[in-house]
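*Asks:* Predicted structure and sequence below. I'll ask about it afterward.
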Amino acid sequence: MPQMKFFSRLLLFLLPLFTLVGCNSSSSSSSSADTISDAYIFSLPLVMVAATMQNATNTVEASSKKAPLNQLHHATTLAKAGFQGVVSPNVDTLYSQAFIDLKDGPLVFVKPESDRYCSMQFMDGWTNSVGIAGSEGGGGDTYAEQVCILINEDDHYTVVPPGMMEIRFSGNLGWIIGRTLCKDEDDLVNVWNIQDQMQLLPLSAYLDGGSYVPPAGTYDPEYDYVPVERVTNMSPVEFFEEANRLMQENSPVAADQPMMDKLYSIGVGPGLTFDPVVLGKNADAIDKAWKEMLKRVEERIKESSRKFFVYWDPWEFLGEPISEFGTEYDYRAMVALAGLGANPVSAAIYASANKDSDGSPLKAGGYYKIHFESGALPPTLEDGFWSITVYGDDNFLISNSIDRYSINDRTPLTYNEDGSLDLFIQPEPLKDDDPLKANWLPIGDDGFHLLLRIYCPDMETIDAGWQAPRIAHIYLTRKRISRMTATKRL
């Protein structure tokens, strides 16, 4: 489909930059074409979240991959080579997730006491983070139990019990994304214990003592789809009918009013009816105009996203206001397509690198050294951590002989005498007698890129001038030097 081709090109542009991402989206033009582009970009995150929810809750009972509405499901294994459930899989944490609907009243989420990083991000239907529990970087209490009430912003009748962390959603639709640190395979059982103690239940059940058996869900094969494909292949009528329906229970906020005043003119808004005649007088004209609109959107959001890039040569990441978008609608749409469910910068930074510090693209099968100056490891708050993970050109983990896919602050490493640290990114291990052999992160002979994750970043230290590690291309490997020496002797 033409729409899918458009978004495939867009994702190829985005994935090397971010993997997990506006011109201000209020256009000065009053033309219908620009207004339709604005409407599509404004509505896209809400439609995308709803499609994702429909797919993720399409099950009778909870499993490690899906759960019915208002129920939790937990990942139980760490990603390895061959795992292709999501692109650029995280090998630091196990995820816990739930899609929620508050139409029947508030819910309560209980984050149990833990001995480690255990962060619960709460996101509304528009992909804005409305609260984070358990993460020092997100402002929550780090290891203690936290009881959170999840409540619609318009609910002024519910009395919030004392001691609860209040999480207000802009509408009824919401998404809980939990991340619990897992050190290695031997640590899985400890994470499972934390997951087993998490609770999600109606406020009424919690106040009655917490005994609650959730109802069974339903399954419909029609909802077994890839959400991004589902959304991007919608016709204009399907897309805007869905957006208008969703906005009835997930109203735009006050800051959106200038945009809504513009979109009302084409029948986009809570409970309105979109008339495709604004695109053309017949089916062929409508289809042509829709395709042209998608092309304009592609160029627009590619260009407007650039102002949000933060560069730590050669690393780069998408900075604020990610996950706290305000009226940056282009940026919000970009992230919905390329990194749905992203954390705000205060909670986590995801910096990618596909070139070395000299500006040359990382070469397939190359030999590289990542160098941290003494005292310059990624700065985190007390409960934070960091990792560097390598991915192939397909954005999946690379198979290797030691099943190592990342190096992190829990990896036993060997430091240089001056306190600096060198990590070696290369196809072959260092020699057994090399004192730095523990610092090897394997790659294959194909293309690759790197992702530096910093959870609970110490933004004060970062903003004060922290220097990200350099990536140096080792032009002469030990093997090549040995071969050259042998050749010279001959």
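*Replies:* Okay, I see it. Note that the coordinates shown come from a computational prediction; the quantities given were computed from them, not determined experimentally.
*Asks:* Run through the chain and note the low-pLDDT ranges.
*Replies:* For the chain, the stretches flagged by pLDDT under 70 are 1-31, 135-141, 476-490.
*Asks:* In the record's domain split, what are the boundaries for it?
*Replies:* The chain breaks down into these domains under automatic domain parsing: 22-53+224-303, 59-219, 354-488.
*Asks:* Nearest to A336, out of those domains?
*Replies:* domain 22-53+224-303 (4.0 Å; CB to CB). (C-beta placed from N, C-alpha, C; glycine too.)
*Asks:* Just give the number of residues close to the spatially closest residue to Q426 that is not a sequence neighbour.
*Replies:* Nearest residue to Q426 in three dimensions, chain neighbours excluded: Y367, at 4.2 Å (CB to CB, 6 or more residues apart in numbering). Look at Y367: counted by other CB atoms under 10 Å, it has 20 neighbours.
*Asks:* try G465
*Replies:* 6.
*Asks:* can you give me the helices in this structure?
*Replies:* 2-14, 32-56, 188-197, 203-207, 227-232, 236-247, 257-263, 283-304, 329-338, 459-463, 478-489 (DSSP state H).
*Asks:* and the ones you listed, which is most packed in?
*Replies:* helix 329-338 (a mean of 25; mean count of other CB atoms under 10 Å).
*Asks:* Quick one: list the elements packing against it.
*Replies:* helix 2-14, helix 32-56, helix 283-304 (3 or more CB pairs under 8 Å, 6 or more residues apart in numbering; DSSP states H and E).
*Asks:* and the angle for that helix with helix 283-304?
*Replies:* 100 degrees (axes from the mean of the first three to the mean of the last three CA atoms, to 10 degrees).
*Asks:* change the start of the numbering to 46 and stick with it
*Replies:* Sure, I'll start numbering at 46, so the last one becomes helix 374-383.
*Asks:* and helix 374-383, how far from the chain's centre?
*Replies:* Chain-centre distance of helix 374-383: 11 Å, with CA atoms, centre = their mean, to the nearest Å.
*Asks:* how big is the angle separating it from helix 77-101?
*Replies:* Going by the same axes, to 10 degrees, helix 374-383 makes 40 degrees with helix 77-101.
*Asks:* re the thing from before, so can I have JSON lines of the helices and strands packed on helix 374-383 showing distance to Y460?
*Replies:* Output for the helices and strands packed on helix 374-383, formatted as JSON lines (distance: least, CB to CB, whole Å):
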{"stretch": "helix 47-59", "distance to Y460": "35"}
{"stretch": "helix 77-101", "distance to Y460": "43"}
{"stretch": "helix 328-349", "distance to Y460": "41"}
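*Asks:* Nearest approach to D146 belongs to which of these?
*Replies:* helix 77-101 (8.4 Å).
*Asks:* For that closest one, name the packing helices and strands.
*Replies:* Looks like helix 77-101 contacts strand 138-146, strand 218-226, helix 272-277, helix 281-292, helix 302-308, helix 328-349, helix 374-383 (3+ CB pairs under 8 Å, 6+ apart).
*Asks:* which other residues reach the fourth one?
*Replies:* Okay, so that is helix 281-292. Residues outside helix 281-292 that contact it (CB atoms under 8 Å, 6 or more residues apart in numbering): 81, 84-85, 88, 91-92, 95, 170, 218, 276, 279, 312-319, 321, 324, 331, 335.
*Asks:* what about F362, how many neighbours?
*Replies:* 24.
*Asks:* Could you do the one 10 residues further on as well?
*Replies:* Neighbours of T372 under the rule other CB under 10 Å: 18.
*Asks:* For N388, see how far away it is.
*Replies:* 20 Å (CB to CB, to the nearest Å).
*Asks:* buried ones in stretch 447-459?
*Replies:* 450-453, 455-456 (16 or more other CB atoms under 10 Å).
*Asks:* Relative to S465, which of those residues is nearest.
*Replies:* Using CB to CB, these come closest to S465 at I452, 14.8 Å.
*Asks:* Not counting residues beside it along the chain, what's closest to N484?
*Replies:* That would be L468: by CB to CB, 6+ apart, it lies 5.0 Å from N484.
*Asks:* Over to L252?
*Replies:* The nearest residue in space to L252 (CB to CB, 6+ apart) is P206, at 7.2 Å.
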